[in-house]
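Trainee: Requesting a structural model of the entry that follows:
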Amino acid sequence: MKNKKKDYMQSFVILNEAKRNKESKLIKRDSSYRQNSKQHNINALFFFCFILILASCGIRKSVNHIPDVKQYSLEIPKVSRINDSTFSFNENYLTKNKQQLWELYIKGNPLQLGYNNGALTQNLMQKQEEIFFSKVEGFVPSKFKQNLLRGFLKWYNRKMYLNVREDYQAELYGLSQYSSDKYDFIAPKFLRSMYLHGAHDIGHVMQDLMVVGCTSLAVWNENTEDGDLLIGRNFDFYVGDDFAKNKLIEFVEPEDGIPYLSVCWPGMIGVVSGMNKEGITVTINAGKSKIPLTAKTPISLVTKEILQYAKNIDEAIEIAKKRKVFVSESILVGSANDKNAVIIEISPDNFGVYKVENTSRIFCTNHFQSDVYKNDKRNQKHILESHSEYRYEKLQELLKENKKLNPEKMASILRDQSGLKGEKIGYGNEKAINQLLAHHAVIFSPRKKLVWISANPYQLGEFVCYDLNEIFSNKRLKNGIFSKSELNIAKDPFVDSQELKNYDEYKKLSSHIEDFIGDKKARLSEDFINYYQSLNPDFWIVYYQAGKYYFNKKDYSKAKVEFEKALTKEIATVPDRKNLENYLKKTLKKLR
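Mentor: Down below sits the predicted model:
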């Protein structure tokens, strides 16, 4: 083992040396692996769209647009620093708990909400901006490509501000005043802030690509211990480890509407996971989208509106119906008042609501289920070819094994990494409920107004409990401590396992192998390949990568062995399998 480790280190040094010699070159990666590698794919797509969106601010009408905020009273925040991780302004607080989650409490009119948010989170928000921009040059190094699409995207984003509520524009305006001056050359602060709220939407339509594999479920009546509604979700949106470090839990008490909790990141006022004081919950799952002609309302602002103004499912549906969106999205809505949950399935051209009958559970992955989408060819193809249906079936299997759920059992479902029938499918497989890349996981108990939010890493850390009844009342503690630690759910033992350490090492090595797999000069020893595969032996990708390495080095006998090994594993999608089979066919031809 020591010799293997030594050999591995030598190969690692060779890779790094090759990397230093390729500063001005870009390795050409085949498009199929971009589909297979979720981390790379989401990173590249998100930041590619991000820089292009920001480059699109040249349209005269939109680039000069500033919302009218004169109607709102404003007190410029003067933030007091209590300690290194706690800050306050009047009744507004930002603090970091021991699980390393940031907790933000803000209140006021829309403009004041934005200012309070920005003033308290300024350092965090500017750090997030820096993370975004530090990735841009690496993922979109070609100025020519940026300029080529600039004209199109100027036109594409011309109507976004017309589809964002004026009060939300005021909130974004206040927040944006605390953005970094460093990036003003790209776009004015307000427009940067608004367009960033559409980055999630544009990210999964620009290339007709749905790469976010979220999973959510709701159970009630006979399916829970106490008969109450219980909801769980994984938000599998990965934009790099640095992006996920500063998770932000926002407790928002607007001047108009219902107080609510949202799980997000600094600089975000939209909602991807949240619950209001009335017990309405929202979670979003990306669907298969066609490329729209123009940007409209970001989906996270639709869900924000639902939380702020809906008290029941019917009101949530009416709000969603009013908004013009530009992506396909499933919004799972839970309601304490209805003791029920439905899925609002929304797209640019259609609208459906999926309700269950004769059962007390509902599942949501990444395909539509309502009648209006039954004949939708894109949805049908997505069910057949993606990993969405597989995860749906896995949820059904887990519910058979786990009768009468409680929050702890729900957490175990969200943390599950196995395939159907308990099969080992490799860590990071998109067919797993827990793909070891989620930004966050959340559990809601709407009637009790309790929320559990996962701490790092992935969904494996401690689930921290919050009581909205206490937080949005006079019982709220004045020292910035919000959680009910006695109700926390313990971290998963997997956090301390050798397998997780191996997975982290696998991720690190994968990035290097991706960069140099086609490099004719770089040579990897067999011990290095074996070591890499031993870190995640049940995952098809490690054999596929080794096969491509040998194929590009014209060692077709070894490539054949690796591709055949990969085909024995659980492969994420039908296109992935077809691509792998094509590689094997090409290899066999070379061996004739």
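
Trainee: who does the one helix or strand Ile231 maps to pair up with?
Mentor: Assigned by DSSP states H and E, Ile231 falls within strand 230-235. Strand pairing for strand 230-235, determined by DSSP bridges: strand 215-219 (antiparallel), strand 440-445 (antiparallel).

Trainee: As CSV, the ones you listed with mean pLDDT would be great.
Mentor: Output for the strands paired with strand 230-235, formatted as CSV (pLDDT from 0 to 100):
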stretch, mean pLDDT
strand 215-219, 97
strand 440-445, 97
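
Trainee: Tell me which of those sits nearest to Leu584.
Mentor: Of all the strands paired with strand 230-235, strand 215-219 sits nearest to Leu584, with 31.1 Å by C-beta to C-beta. Placement of C-beta: from N, CA and C, glycine included.

Trainee: residues of that closest one that come out buried?
Mentor: Buried residues in strand 215-219, counted by 16 or more other C-beta atoms under 10 Å: Thr215, Ser216, Leu217, Ala218, Val219.

Trainee: returning to that earlier point: determine which of the strands paired with strand 230-235 approaches Leu588 most closely.
Mentor: Closest to Leu588 of the strands paired with strand 230-235, according to C-beta to C-beta: strand 215-219, at 37.4 Å.

Trainee: burial of Met125, as a residue count?
Mentor: By the other C-beta atoms under 10 Å criterion, the neighbourhood of Met125 contains 24 residues.

Trainee: how close does Gln112 get to Asn90?
Mentor: Gln112 sits at a distance of 10 Å from Asn90 (criterion: C-beta to C-beta, to the nearest Å).

Trainee: any shared contact partners between the two?
Mentor: Residues touching both Gln112 and Asn90 (C-beta atoms under 8 Å, 6 or more residues apart in numbering) are Glu75.

Trainee: Those two: which is more packed in?
Mentor: Counted by other C-beta under 10 Å, Gln112 and Asn90 do not tie: Gln112 has more neighbours, with 24 against 13.

Trainee: thought that one was touching Ile76?
Mentor: No - using C-beta atoms under 8 Å, Gln112 makes no contact with Ile76, being 9.8 Å away.

Trainee: other SSEs contacting the longest helix seen in the chain?
Mentor: Ranked by residue count and defined by DSSP state H, the top helix of the chain is helix 110-139. Applying 3 or more C-beta pairs under 8 Å, 6 or more residues apart in numbering; DSSP states H and E, one finds that helix 110-139 makes contact with helix 38-54, strand 86-89, strand 92-96, strand 102-108, helix 166-176, helix 241-245, strand 248-254.

Trainee: List the buried residues in that helix.
Mentor: Within helix 110-139, the residues that count as buried by 16+ other C-beta under 10 Å are 110-122, 124-129, 131-133, 135-136.

Trainee: can you give me the offset of it from its chain's centre?
Mentor: When distances are taken as C-alpha atoms, centre = their mean, to the nearest Å, helix 110-139 is centred 17 Å away from the chain's centroid.

Trainee: between that helix and strand 248-254, how many degrees?
Mentor: Going by axes from the mean of the first three to the mean of the last three C-alpha atoms, to 10 degrees, helix 110-139 is angled at 150 degrees with respect to strand 248-254.
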